[in-house]
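**Student:** Generate a structure from the sequence data that follows.
(one chain, ligands or ions: 2)
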Amino acid sequence: MKGIKRIVVINTKGGCGKTTISTNLASYYASKGINTALFDYDPQGSSMRWLKLRSDQMSDIYGVVAHRNAAKSVTMSWQLRLPVETQRVIIDTPPGLKGPELREQLKGVDKIIIPVLPSPLDIFATADFIRDLLLDVKVRLNQTSIGIVANRVKKNTIAFQSLERFLSSLNIPVVARLRDSQNYLRATEEGMGVHELKGKNAYIDRLHWKQVVEWLDKN
Ligand SMILES: Nc1ncnc2c1ncn2[C@@H]1O[C@H](COP(=O)(O)OP(=O)(O)OP(=O)(O)O)[C@@H](O)[C@H]1O
Ligand SMILES: [Mg+2]
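**Tutor:** Ligands and ions are numbered 1, 2, ... in the order given. Model (predicted):
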């Protein structure tokens, strides 16, 4: 398991893009020939539903339905059940995690991605979540890196300006700003990531994912 990197996509706020980011990330790595596993901790099972839509012609992703397992055994069991050649583990999480559950979910991860939407309620909830993460869960920043991914961004809107103000008040890098785009819906329908869509339409989205992966693959 040397060289394996575990990336969790997490925010207590529902609907901010955890599953979209997890599936796009998993397919990005897989399409580059990197052995990738996708863990779905959400009982709604959206990531696994997406994986089932993926055609056999596309690069393979090893899916793990993780929510059926007792939270306590997670750290051990993922190591036992993963194919030995796994290089990236992407972890999609449910909304509403806190306290011990949140702590358990963050055990042994290398990178934490926090998606946030440009809306006042999302910004409030995310601010609370980040505070919990740093104060209550006491994420050890020397061992784990946290990055924000702003999602469904529409530039030149008041909501975007508020989000930018919030983001600049944090001492956490903003890894990318994903635009609000139908490409994400089109890709999801096909079990793809946006970078796998044909044509020039997704050019900008591909650039965003390059930024995310560059940050993830740093150190
Ligand atoms: N950048 C985007 N552009 C357009 N639509 C998006 C984008 N990101 C996410 N969506 C859409 O927003 C909705 C919520 O996204 P998603 O399911 O990824 O959020 P989530 O955080 O996983 O939600 P939950 O907390 O319920 O698990 C979905 O319909 C998804 O297709
Ligand atoms: Mg989800």
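**Student:** where are the low-confidence patches of this structure?
**Tutor:** 1-2, 68-80, 140-144 (pLDDT under 70).
**Student:** Could you rerun that using 50?
**Tutor:** 1, 70-73, 76 (pLDDT under 50).
**Student:** which stretches of it form helices?
**Tutor:** 18-31, 46-53, 74-81, 99-106, 120-131, 158-168, 182-189, 203-217 (DSSP state H).
**Student:** Can you say which of the ones you listed is packed in most?
**Tutor:** helix 18-31 (a mean of 26; mean count of other CB atoms under 10 Å). Just so you know, the C-beta spots here come from the backbone N, C-alpha and C atoms, and that holds for glycine as well.
**Student:** OK, contacts around the closest residue to ligand 2 within the chain?
**Tutor:** Ligand 2 sits closest to Thr19 of the chain, with a gap of 3.3 Å, by CB to the ion. Contacts for Thr19 (CB atoms under 8 Å, 6 or more residues apart in numbering) come out as Asp42, Ser46, Ser47, Trp50, Asp92.
**Student:** my read: the last one touches Lys18, true?
**Tutor:** Looking back up the chat, that one is Asp92. Yes: with contact defined as CB atoms under 8 Å, Asp92 and Lys18 form a contacting pair (5.7 Å).
**Student:** residues shared between the contacts of those two?
**Tutor:** Contacts common to Asp92 and Lys18, judged by CB under 8 Å, 6+ apart, are Val9, Asp42.
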